[in-house]
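Undergrad: build me a structure from this.
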Amino acid sequence: MTNYESKTRKTKMCFPSPFAKQEDEGLPLIRNSSFVIRNCLEIRDFSKDDIDDIISIEEQSFKKPWTKDMLMSSALNEKVSFKVALEGDKIAAFCIYLTIEGETEILNIAVHPDFRRRSIARTMLEYMENDAGKEKSKNIFLEVRESNGAAQNLYLSLGFEKIGIRKKYYTDEDAILLRKIIK
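TA: Reported below is the predicted structural model:
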């Protein structure tokens, strides 16, 4: 068993798709106490088989995307959580975060352009916050490009607050440092 295989957890979570509607036809129906679910957003651990799709999302999302080596290094790091969101059999998004000594740092999060504006990033961030809370994290930190207003609005809507600026963090642009206190 390789170091990577021993790190991979076999857990899966299923969340209601934000676009599941009761009147949708031809889709399987799942009932629970508060939702009628016809589609599901599955959040699971990264698998090395996901790497090509993750690289594609990364390249479509960032001016300076992480390399395959950077992504795989994160996957192999025992302290890093690398989660993938799927709609059906398609990888829609991913989130990479690190929790150490009561603090969580979001290292990378991206949604495939075809899946944006569907609350997938919000769902992944809520999942990550819940996971961080289980690890006794008290704070979540992240940096976001000063020009990325959409991401800033999402983070602020989830209770993050601006706590600083990192000058030239992205070489060509400053980053806004955000923090959320987990209650």
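
Undergrad: looking at this structure, which helix is longest?
TA: For the chain, the longest helix by residue count, based on DSSP state H, is helix 120-134.

Undergrad: contacting residues around whichever helix or strand comes after that helix?
TA: Counting by DSSP states H and E, the element after helix 120-134 in chain order, helix or strand, is strand 139-145. Under the criterion C-beta atoms under 8 Å, 6 or more residues apart in numbering, residues 102-106, 128-129, 132, 151-152, 155, 160, 166, 169-170, 173, 175-182 lie in contact with strand 139-145. For the C-beta atoms, the positions are set from N, CA and C on the backbone; glycine is no exception.

Undergrad: break this structure down into its structural domains.
TA: According to automatic domain parsing, the chain comprises the domains 3-14+43-136, 138-183.

Undergrad: just put those in a markdown table and tack on mean neighbour count and mean pLDDT.
TA: Output for the domains of the chain, formatted as a markdown table (neighbours: other C-beta atoms under 10 Å; pLDDT from 0 to 100):
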| stretch | mean neighbour count | mean pLDDT |
| --- | --- | --- |
| domain 3-14+43-136 | 16 | 87 |
| domain 138-183 | 15 | 94 |
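
Undergrad: can you pull out the helices in the protein?
TA: For the chain, helices defined by DSSP H occupy the ranges 3-7, 51-61, 68-76, 120-134, 149-157.

Undergrad: so who does the residue lying closest to residue 65 once chain neighbours are set aside touch?
TA: Leaving aside its chain neighbours, residue 65 sits nearest to residue 58 (4.1 Å; criterion: C-beta to C-beta, 6 or more residues apart in numbering). By C-beta under 8 Å, 6+ apart, residue 58 lies in contact with 65-66, 71, 108, 110.

Undergrad: let's see it at 7 Å
TA: Counting by C-beta atoms under 7 Å, 6 or more residues apart in numbering, residue 58 touches 65-66, 110.

Undergrad: which of those fall in strands?
TA: Among the contacts of residue 58, DSSP state E puts residue 110 in strands.

Undergrad: quick check, residue 169 in contact with residue 177.
TA: No. Using C-beta atoms under 7 Å, residue 169 is not in contact with residue 177, being 8.6 Å away.

Undergrad: residues contacting the residue nearest to residue 50 when sequence neighbours are not counted?
TA: Excluding the flanking residues, the one nearest residue 50 by C-beta to C-beta, 6+ apart is residue 84, at 5.5 Å. With contact set as C-beta under 7 Å, 6+ apart, residue 84 has these partners: 44, 46, 50, 91, 94.

Undergrad: apply 8 Å and report the result again.
TA: 43-47, 50, 54, 91, 93-94.

Undergrad: okay, and the beta partners of it?
TA: Assessed by DSSP bridges, residue 84 has beta-bridge partners residue 44, residue 94.

Undergrad: alright, that wraps it up for me.
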